[in-house]
Each structure stands twice: as C-alpha cells, then as structure tokens.
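Asker: Fold the following and give me the result.
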Amino acid sequence: MGAWPEEWLAQARQTLTALAAAEVAPGRLLPWLAVAFGLGIVGYFAAEQEPSGWAAFALAATMFAAAFAARRKPVGFPLAVASAAVACGFATATWHAARLADAPLARIAANATLSGYVEIREQRERSDRIVIRVHRFEAARIAAKPVRVRVSVRKGTAPAVGSFVELRAYLSPPLQPLRPGGYDFARDMYFQGLGASGYALGAIKTAAAPDAPDAPLRFAMAVESFRATVDNRIRAILPGDRGAIASALITGKRDAISTAVNDAMYISSLGHVLSISGYHMAVVAGIVFFVIRALLALSPSLAANRPIKKWAAAGALAAASFYLVMSGAAVATQRSYIMTAIVLIGVMADRPAITFRTLTIAALAVLTIAPQSLVHPSFQMSFAATLALVAAYQNGLPASIFGRPDRDTPLGRRAALWGWREVAGLILVSIVAGLATTLYAAYHFHRLAPYGVIANLLAMPLVSTVVMPMGILGTITMPFGFDAPLWRLMGLGIDWMIGVATFVTSLPGAVGRIHAFGIGPLLLGTAALLITCLLRTRLRWSGAGLALAACLWAALTPRPDVLIAADGQTAAVRGADGRLRVLASGRDGFAVRAWLAADGDEREAKDASLKDGVRCDPAGCVGSLAGGRLAAYAHTVEAFAEDCARAAVVVSPRDAQGLGQGQCAALLLDRRHFGGHSAIALRWTGSGFERSDARPPGYTRPWAQRPYDAADTAASPARSQSRNVTPRDATPREDDREAGD
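Answerer: Sure, this is the predicted structure:
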C-alpha cells in the first residue's frame, strides 16, 4: 500500500510533463507573446509614480540582449523572450505617455477666454460638443494653457470642423475617479490629448484664422464634410431614433440617439451594434468580398485563370479602409480594422484567416499604436469575445452541433434545409462571447445582461441581412439619387431592433446588477480565460477553477461603509440595511449616481429613500451606520465639537480650525484631507475604519493633477462651500466606453 502513492505521483508527474511539452510545441507560445506585452502595459499603469523613459528603454534593451544570449537554451529562451515582451510593453506605454506631455488644467477656469480650431464636432441629444485645438488661452491664475479642450455648446450651435472660433468658457480639470477603484476619466482624457472640459459662456464667434489649417486638419475637414452630408441625408429620410441609429452604423455619429433607446440597447446587450467595431467591419468586408467575387465569377475565363478570391479580398480591404475613415476612426474601429485587414491580407497571402496567430498580431498592433486601450473596456471585451470565439472554432464546436458541413448526413441535410445550423451557430456565438465578456461587463458597468442571448438571436439576423446591407447600398447609391428606398428598408430593420431591445428590457430581471469589485478578480478571471482558450491539452480545464475562484472573489468583495467625494461636498454612508444613504450632496449628483451604480443599486440620485434615517439641521447631518455607529457631516465650525463627541466619523469640507485627531474622538476628515484631489472610501473593520484613496499619497502621474490647491479654499471658506469641482460636461456615456465586438 505504501508504494501506491509514489506510483500515482510518478504517473501524475509523467502525465503533466507530457502535457506541458505539448503546450510548448512549436507555434504554441506565440499567443503568449501578446499576453506578456500587455502585462508590461499593465505594469506601467499600476505604477504610482511616472516611470523614467531612459529606465524603461534600458530595461527593454537589457531583456532583448538576454533573450539573444539565451537563444540556444530550450527553457531559458522562451522565458527571456517573455521577459523582453513585458519590458517592451512597459517601455511602449511609457513612451506614449511622455510623447503627449500635456499637463491637464490645474484648477477651474470659471471665465476663460480662448480661441482655436475646431477639430471634432459631435451632435448630442440635448447639446452639441466640440474639441478645440487651443491657439490663445487667457484665464485668471492659470499660466500654462491646455493644448486641446472639449466644450459643450447649445444644441445646433456647434461650428463646423476646421472653423477658427473665439469664445468664453467655464473649464474644469479632467475628472478624477469618483471612488477608489473607479473609472479614471482623467487618464482617459490625458491619452485623448484633452486638458480640460466644460461649457461655453455666451455666443461662439467664428473668426479669421491666423494661419492656414495644417494637412491633418484639412483632411479632417474633408472627412467631416462627407460624413455630415451622409448624416444629413439619412436624418432627412429617417427622423428620430431610426435615423440616429442608421447614421451611427454608417458614419459613427451616435450622439443623437435618445437616452431611453440608448439605455434599452445596452441593457438588452445590443449596445455593441451602436459602436462601429468588429461586427460592422466584418459585415462590410464580407458583403464587398462576396459581391466582387460573385461578379468576377460570371466570367469563366477569369474564374479559371485568375486569383479572383485575392482580388475580392483586396476590394474588401479597400472598402474596409473607406469605412474606417468615413466612420470617424474611433479607437474601437481602428482595432477592428486592423483585425479585418490582417484576415484579408491572410486571404491574399493564402494563409489561414481565423487563427490565434491572427489575433496575436492584431493585439500587438493595437497595443503598440495605443497601449492605453488595454485598460479600456472596449479592448478588453472585444478581445475576450474574439479569443473565446477563435478557441471555440478551433476546437470544432460549430461542426460538432450538427456534424461537419461538408459531410452528407441525414441530420446535416435537415439542419441545412431548416437553417438550424445558422440558428445554432448564432446561439453558440452569443453564449461564448457573452460568457467571455461577463466579468469585464460586471467590473466596468456593474451589471449583466441575462437575456442577451435572446436579444441577439432575435435582432442580429435582421441586422446582418437587412440593416447593414441596405446601409452599404444606400451609401453607394446616394451620389446617384437612388438611396431613399434603401434607407427606408434599413429603417424597418432598425425598428425591429429597437422593438427587440425594448421588449427584452421590459422582461423581469433584465438588468442584472452587481456591486463593484477590485482589480484582483478581473486579473484572475483574465488568467482563467487565457488558460482555457490558449492551452490545447487537458490543462486548459484548470482555467475553470480559476474562473470559479474569480467569481467567488468578486462576489465576496466587501463594500465601503462611507464614501466621500474628492471635494468633500458629497458624502454617503451605508445604513444597517446595507443600502447607501446620502449625508450631503453638492450641486452635481454625478458622484451619487456613480456610487449607486457601483453598489448595484437601482435607485436614482434624487430618490427620496436616499435620505431615510438621515437627520439634518443648519449645522449638519447625521446618519446611522451598521452596528449603531453614527456618521456626521458638519456644515458649520460649531458642529465639530458635538459631532466629535457622538459620531464615529466626522466629514466636512470646512477647516476644523486646529482641532486635530487627538482632540476628536471620531475619525475626522475635514478640508485638509480633500482639496479636490482624491475621493475617499472607509470600511469598518471592527476596531476602526480602513481608509482607501482613489489617489493614494505619493501618486504622481501626468494625468493626476490636483484640480486646485487647498490654499485656494483656505483663502475663502465661504467660496469653498459653493465651489463645485465636478465638470458639468464630465458625465460619461455608456457608449464612450463601448463594449465593442
């Protein structure tokens, strides 16, 4: 009996060695190169201090030299190459950040005078929005001007792209995270080259430009003119949401879609249709490829003697390139174009199209061009879904449903006759992609789409066969004046899609809410996905255990008991029933909305129940925490003495006037802890509060600037009470962080 465990261990060791050897066979490690490159980018964004460029590039050069030295070592060489890829990803992200070198606005500019060129023009539901490349900037107490700013203007007043404008504006620094672990708007704006956002004060004047627009701006003007022509034509034939969605699918202008329809699309898991990404590129390229090849095949001599398949791929690549430019070339569209181009080039080079190698090259290309996209939900969900679908394809899942399509079997014939194979394939794609992106949707948007398969099954066939083809034909025939019937047919398909989204949204439990969790479960879940999809042997099933652990970790993540905005003007506490209560709120309810969403709470920021159990008077407010402890918010200096005696935590945007922690029995957070720099979360551990900061002390990154100094408010306490550092234009739309596909 004593020899049995040893024999079992020896056999297990032998089996694992054989499986590991199969996993490192030639060609198997290439996809992990993109993973290592991305890990280096993750390391860059995880740093609390901006890395030095020389150090990052020196490390990359050293790792490349080590990989070259270890090129003949079977184990050392792959490890050295992986280390070099990590260092290269770190250096690439460092270089991209240093190349921008545009510090955000340091403080609020309540009455800034600026002039510059309009680079981007967006039409939204209630207002318009423009991005201005700043030429002249004047504002009190601000020396350095931002290079580009984003300004909201009244509906219908946005100047054309390329216009030189003069205006006065209220500008705010980029919005910092609204809670620890929350979405970093300032980082997103930094990599977009935006130093401030706000809204126009008064009329916008169009003036003579001091010099001629440069070539990039002239190109943007030409593209925008064409997009506007197509957009206006579509809206003239299809009013309302039908026209807004049709324009979004063709020109990328999705800002005019009503809030109700936009929310229904995302709740039903059809929001990916609104963002021009992988699906749209595939449909456009596929339709053009099929049409060109079919027309060329009408000539027997061409079909027999010429590579018409390659010619069709070249035409499809040209069409995809045109679609990229016409749609505005957003980041998600660029990524999808790169993947589509690699597939079409593979067809022209007689290489397999749907492989992990294709996905690896696409990921490396996207991350090299825009390393910041790695931390964006669009990139994460897109590549997660694509990776899972490629893995399913290579493991033969579509063929295993009704047998291989090239085999003549009774079941296969019935499946082809009734279209079961296509329906089953669509269901499979929805399930696989949905499972792969679930964790990312929960992390970024704090909600799930339980009926996503139903919505996609009902809507996507019509989108693929009616909506997109009619849109392509409408664009082609528009110069000849025969496009109107095609747009109307497209509108009928969009009506069906909106109806499906509305129906699914009305189903019980359509919005699956989940409270926020940290980066740990997300990284563990990503590792589970990579192992399950990239490994080929039985070792891949170990990913299921990691996925289960990630889900449990996410579900068991503790929630904060106190949340405080960066300016100290807004605070919320968790009551005995586990739900948030608002102690104080500033003029903008954006922070409260973000906290409720992160808490998995369906209530709105103005819900009356948010004040249940909160007692207020002119001096301040008091709310109850779990366990009977009190949290106080002091409006006046006189309230500090009483609150320190009875509460467990005291919050105030005012200065406690020399009252220190040793003189206050409660945890005291006054103006000295805020200054508009970092939101704070507190969690009761049983013996005290554990504090988390959205911007930890010592966090020095180029996008993490203090919106204003504490000295600004010290000079005028009354002014600090009314000052609101949250930009009015800061509210993100869900499609600003689109899931892509």
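Asker: Strands along the stretch 551-700 of the chain, start to end?
Answerer: Counting by DSSP state E, counting those that start in this stretch, the stretch 551-700 of the chain has these strands, from start to end: 562-564, 571-574, 580-584, 615-617, 620-624, 630-634, 649-651, 667-669, 680-684, 689-693.
Asker: could those go into JSON lines alongside mean pLDDT and distance to residue 57?
Answerer: For glycine as for every other residue, the C-beta is placed from the backbone atoms N, C-alpha and C. Formatted as JSON lines, those follow (pLDDT from 0 to 100; distance: least, CB to CB, whole Å):
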{"stretch": "strand 562-564", "mean pLDDT": "94", "distance to residue 57": "40"}
{"stretch": "strand 571-574", "mean pLDDT": "93", "distance to residue 57": "44"}
{"stretch": "strand 580-584", "mean pLDDT": "91", "distance to residue 57": "46"}
{"stretch": "strand 615-617", "mean pLDDT": "90", "distance to residue 57": "56"}
{"stretch": "strand 620-624", "mean pLDDT": "91", "distance to residue 57": "52"}
{"stretch": "strand 630-634", "mean pLDDT": "92", "distance to residue 57": "49"}
{"stretch": "strand 649-651", "mean pLDDT": "91", "distance to residue 57": "45"}
{"stretch": "strand 667-669", "mean pLDDT": "88", "distance to residue 57": "42"}
{"stretch": "strand 680-684", "mean pLDDT": "93", "distance to residue 57": "37"}
{"stretch": "strand 689-693", "mean pLDDT": "91", "distance to residue 57": "31"}
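Asker: For residue 265, which of the ones you listed is the nearest?
Answerer: Among those, the nearest to residue 265 by CB to CB is strand 580-584 (27.6 Å).
Asker: That closest one packs against which elements?
Answerer: With contacts defined as 3 or more CB pairs under 8 Å, 6 or more residues apart in numbering; DSSP states H and E, the packing partners of strand 580-584 are strand 571-574, helix 590-598, strand 620-624, strand 630-634.
Asker: before we move on, back to that, ok, which of the strands of the stretch 551-700 of the chain comes nearest residue 463?
Answerer: Nearest of the strands of the stretch 551-700 of the chain to residue 463, taken as CB to CB: strand 580-584 at 38.6 Å.
Asker: hmm, who's touching the closest one?
Answerer: The contact list for strand 580-584 (CB atoms under 8 Å, 6 or more residues apart in numbering) reads 563, 569-575, 592, 595-596, 599, 601, 610-614, 621-623, 631-633, 635, 651.
Asker: Also stretch 364-375?
Answerer: 33-34, 37-38, 41-42, 44-45, 89, 92-93, 96, 187-188, 191, 331, 334-335, 338, 342, 379-380.
Asker: what about 7 Å?
Answerer: 34, 37-38, 41-42, 45, 89, 92-93, 96, 191, 331, 335, 338, 379 (CB atoms under 7 Å, 6 or more residues apart in numbering).
Asker: circling back: could you export the strands of the stretch 551-700 of the chain as CSV, including mean neighbour count?
Answerer: Output for the strands of the stretch 551-700 of the chain, formatted as CSV (neighbours: other CB atoms under 10 Å):
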stretch, mean neighbour count
strand 562-564, 27
strand 571-574, 27
strand 580-584, 23
strand 615-617, 12
strand 620-624, 23
strand 630-634, 26
strand 649-651, 27
strand 667-669, 22
strand 680-684, 20
strand 689-693, 16
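Asker: possible to save the ones you listed as JSON lines with distance to residue 295?
Answerer: Compiled in JSON lines, the strands of the stretch 551-700 of the chain are given as follows (distance: least, CB to CB, whole Å):
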{"stretch": "strand 562-564", "distance to residue 295": "62"}
{"stretch": "strand 571-574", "distance to residue 295": "63"}
{"stretch": "strand 580-584", "distance to residue 295": "62"}
{"stretch": "strand 615-617", "distance to residue 295": "74"}
{"stretch": "strand 620-624", "distance to residue 295": "71"}
{"stretch": "strand 630-634", "distance to residue 295": "71"}
{"stretch": "strand 649-651", "distance to residue 295": "70"}
{"stretch": "strand 667-669", "distance to residue 295": "71"}
{"stretch": "strand 680-684", "distance to residue 295": "62"}
{"stretch": "strand 689-693", "distance to residue 295": "62"}
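Asker: Select, out of the helices and strands packed on strand 580-584, the one closest to residue 253.
Answerer: Among these, the nearest to residue 253 by CB to CB is helix 590-598 (24.7 Å).
Asker: Which strands and helices lie in contact with that closest one?
Answerer: Helix 590-598 sits against strand 580-584, with contacts defined as 3 or more CB pairs under 7 Å, 6 or more residues apart in numbering; DSSP states H and E.
Asker: hang on, the earlier thing: ok, which of the helices and strands packed on strand 580-584 comes nearest residue 508?
Answerer: Among the helices and strands packed on strand 580-584, helix 590-598 comes nearest to residue 508, with 20.5 Å by CB to CB.
Asker: circling back: just the contacts of stretch 364-375: which are in helices?
Answerer: Among these, DSSP state H puts 34, 37-38, 41-42, 45, 89, 92-93, 96, 191, 331, 335, 338, 379 in helices.
Asker: Show me the shaky parts of the stretch 401-550 of the chain.
Answerer: Across the stretch 401-550 of the chain, the ranges flagged by pLDDT under 70 are 401-426.
Asker: which residue ranges form the helices in it?
Answerer: Secondary structure of the stretch 401-550 of the chain (DSSP state H, counting those that start in this stretch): helices at 410-418, 420-445, 452-462, 468-477, 484-506, 519-534, 542-555.
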